[in-house]
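S.K.: Got a predicted structure here, sequence first:
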Amino acid sequence: MSELSFNKVDVQLDIEQSSRPSLSYWQDAWRRLCANKRAMWSLYTLIFMFLFAFLGPQIYRVDPADQNRDWVSKPPWASSSTFQLQLSVWPGVQGQLPNANESHTAPKAIELHGTATTQSVRLSWDAIPNATNYRIYRNVFPAEEGRPLGLPLWTTKGQLAVSFEDILDLTARTYWYTIVPIDASGSEMSRGTTKEVEVLFVQDAVRQNLIPDDVEVIELEAGAVPFYPLGTDYLGRDMLARLMKGAEISLLIGIIAPLFFVIGGVIYGSISGFFGGVVDNVMMRFADFVIALPFLLFMILFRFVFDIQSGESGIIAMVIALIVLSWPGTARLVRGEILKIREQGYVEASRLLGTGTGRLIMRHMIPNTLGVVLVTFTFAVPSTIFTEAFLSFIGMGVVPPTPSWGSMCNDGIRTMEITPHELLFPALFISVTVLAFNLLGDGLRDALDARMRATE
């Protein structure tokens, strides 16, 4: 032992620093979350989505149910005409009963009524023997043998319904319209008859004096041309207003259903983990049984129980099905946490002090599982939004005219080939929202992981 062994060591306090500030568990979790750029951008995106859904309609005051039949399926990049035709409602043409001795299976000719403009194309044809209705196709290519007839626009009802008015996203170009008769079995009787139609802009038809004298031409003043930032749908409704309303419904369902089944799962898992033994075994086997139940089958069952007919909204049945069948995942996670927490010293001390079971679970155990619960809830929300979109897409959730992102996708897929914006925008909102929730969930999971804090 040297003579310096018991000498006083001078500590320079002016250069001594703490390795990091003293933070609580939640303060440290927030600091970690803020350091995760992907999670923060996801949080900003979700804040925008909620403002878009709940504050947007207060700023952009357009009724999502209002229809403009002169602006049907117009994408946001469509050119606006400064002229409009004051068209009256076309009653159509009532056909005459064909001669029973005739044997032709296609219209002899297709007649164009008026001038074909980007506002309207009106067609009629002669009735066909043994036809029950007619299907109208539109193509941007000649309907040659062996090639598709194009987009099916409409199917008329009745043998004598021999007219059709096309107002679906018309542009100044050449179209080929084909009329195909359909028999009583629903089969097409032939490839039908095709007519080539040259469609003009309204202003071009006006300049060429092609508008009949009995049709009033309106010249729109500057600023009077309708403005739709994201275009219109197949009924001429504003896409932006419908996306806002759809966001409100989708996010409400995506928040409310997970809130209930996560709370139920927390309570169920806490009781199971606290008591353990036979109680835990029985409760977890029941949870396994619920997990094995097919969701779609129970969704159909709930629609039957609530007497929801085809075409009626199934929001209530969908929310109940989600709550009843989605809680076991949360229950299993919370049970695992409770099994660890109940062996901690402060729990044993609380028992010795006479704390009741209910207070012990609610006051000392559940608060210590909030990290896991919060992450579970964050991942449950996008799953619920996607489920709602899927059910609405197949007609079992939100149904028209009430908009949701899923029902808007269902509407948009019908005209996807010619007006992709009707499907693109709601699908984009679903994808961005689900991705943002998932990235935020990943960030929360990392921020709340105590093991990562211990490694620093």
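M.R.: Right, received. Where do you want to start? In this text, all values refer to a predicted model and were calculated from it rather than measured experimentally.
S.K.: In the protein, where is pLDDT below threshold?
M.R.: Scanning the chain for pLDDT under 70 picks out 1-25, 69-70, 78-86, 100-101, 213-214, 216, 218-225, 310-311, 449-456.
S.K.: Grab the most central residue of it for me.
M.R.: When Cα atoms, centre = their mean is applied to the chain, the residue found nearest the centroid is W405 (2.2 Å).
S.K.: Tell me if I'm right that it and A247 touch.
M.R.: Yes - contact status for W405 versus A247: in contact at 7.0 Å, counting by Cβ atoms under 8 Å. C-beta coordinates here come from the backbone N, C-alpha and C atoms, glycine included.
S.K.: got any residues that touch both of the two?
M.R.: Taking Cβ atoms under 8 Å, 6 or more residues apart in numbering as the criterion, W405 and A247 both touch F429.
S.K.: and the closest residue to G150 other than its chain neighbours, how many neighbours?
M.R.: Nearest residue to G150, sequence neighbours excluded (Cβ to Cβ, 6 or more residues apart in numbering): N139, at 2.8 Å. Taking other Cβ atoms under 10 Å as the criterion, the count of residues near N139 is 18.
S.K.: quick one, what contacts N139?
M.R.: Residues near N139 by Cβ under 8 Å, 6+ apart: P148, L149, G150, L151, Y175, W176, Y177, T178.
S.K.: Can you say which of those residues are buried?
M.R.: The neighbour-count test (16 or more other Cβ atoms under 10 Å) marks L149, G150, L151, Y175, W176, Y177, T178 as buried among the contacts of N139.
S.K.: mind putting these in TSV, distance to G56 and secondary structure included?
M.R.: Listed next are those as TSV, based on distance: Cβ to Cβ, whole Å; DSSP: H, G, I helix; E, B strand; the rest coil:
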residue	distance to G56	secondary structure
L149	41	coil
G150	37	coil
L151	32	strand
Y175	37	strand
W176	41	strand
Y177	40	strand
T178	42	strand
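S.K.: Nearest to V347 among these?
M.R.: Closest approach between the buried ones among the contacts of N139 and V347, by Cβ to Cβ: L151, at 67.1 Å.
S.K.: Correct me if wrong: that closest one contacts I418.
M.R.: Yes - between L151 and I418 there is a contact at 6.2 Å, judged by Cβ under 8 Å.
S.K.: May I have the phi/psi pair for the residue nearest to G150?
M.R.: Backbone torsions for N139, taken as degrees, to the nearest 10, come to phi -130, psi 150.
S.K.: top helix in this protein by residue count?
M.R.: Counting residues, the longest helix found in the chain (DSSP state H) is helix 239-275.
S.K.: Return the set of buried residues in it.
M.R.: 239-255, 257-258, 260-262, 264-274.
S.K.: Kindly report the same for stretch 175-193.
M.R.: Buried-residue list, stretch 175-193, by 16+ other Cβ under 10 Å: Y175, W176, Y177, T178, I179, V180, P181, I182, M189, G192, T193.
S.K.: Rebuild those residues as TSV, extending it with distance to S103.
M.R.: Output for those, formatted as TSV (distance: Cβ to Cβ, whole Å):
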residue	distance to S103
Y175	30
W176	26
Y177	24
T178	20
I179	18
V180	17
P181	12
I182	17
M189	11
G192	16
T193	15
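S.K.: if we can go back for a sec, out of the buried ones among the contacts of N139, which is nearest to G329?
M.R.: Nearest member of those to G329, counting by Cβ to Cβ, is L151, at 43.4 Å.
S.K.: can I see the domain layout of this structure?
M.R.: Here the domain parsing of the chain from the TED database is 26-69+233-448, 85-220.
S.K.: out of those, deepest packed?
M.R.: Compared across these, domain 26-69+233-448 shows the largest average neighbour count, a mean of 18 (mean count of other Cβ atoms under 10 Å).
S.K.: Now do the end-to-end distance for that one.
M.R.: Start-to-end span of domain 26-69+233-448 (Cα to Cα, to the nearest Å) is 8 Å.
S.K.: how far off helix 239-275 does the helix or strand hosting E348 point, in degrees?
M.R.: Assigned by DSSP states H and E, E348 falls within helix 345-352. Note on geometry: by axes from the mean of the first three to the mean of the last three Cα atoms, to 10 degrees, helix 345-352 and helix 239-275 are set 60 degrees apart in direction.
S.K.: Could you list which residues are in contact with the nearest residue to N99 once chain neighbours are set aside?
M.R.: Leaving aside its sequence neighbours, N99 sits nearest to P129 (Cβ to Cβ, 6+ apart; 7.3 Å). Each residue near P129 by Cβ under 8 Å, 6+ apart is listed here: P98, N99, A100, E102, S103, H104.
S.K.: Am I right that the fifth one is in a strand?
M.R.: No - following the definition DSSP: H, G, I helix; E, B strand; the rest coil, S103 is coil and is not counted among the residues of a strand.
S.K.: Can you tell me how far it is from E188?
M.R.: Applying Cβ to Cβ, to the nearest Å, the value for S103 to E188 is 17 Å.
S.K.: just to revisit the earlier point, let me have the domains of the chain in TSV, extended by distance to F227.
M.R.: Below are these laid out as TSV (distance: least, Cβ to Cβ, whole Å):
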stretch	distance to F227
domain 26-69+233-448	10
domain 85-220	12
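S.K.: The stretch 101-250 of the chain: strands as residue ranges?
M.R.: In chain order, the stretch 101-250 of the chain shows strands spanning 110-113, 121-125, 133-139, 151-155, 163-166, 174-182, 193-198, 216-219, with DSSP state E, counting those that start in this stretch as the criterion.
S.K.: Between those, which one is closest to A447.
M.R.: Closest to A447 of the strands of the stretch 101-250 of the chain is strand 151-155 (Cβ to Cβ; 50.2 Å).
S.K.: circling back to that earlier point, distance of the residue nearest to N99 relative to G192?
M.R.: As for P129, its distance to G192 is 15 Å (criterion: Cβ to Cβ).
S.K.: What of T419?
M.R.: Per Cβ to Cβ, T419 is found 24 Å from G192.
S.K.: Q67 now?
M.R.: According to Cβ to Cβ, Q67 stands 30 Å off from G192.
S.K.: do the same with A29
M.R.: As defined by Cβ to Cβ, A29 lies at a distance of 67 Å from G192.
S.K.: ditto for G273
M.R.: From G273 to G192 the distance is 68 Å (Cβ to Cβ).
S.K.: Likewise for L293?
M.R.: As judged by Cβ to Cβ, L293 and G192 stand 49 Å apart.
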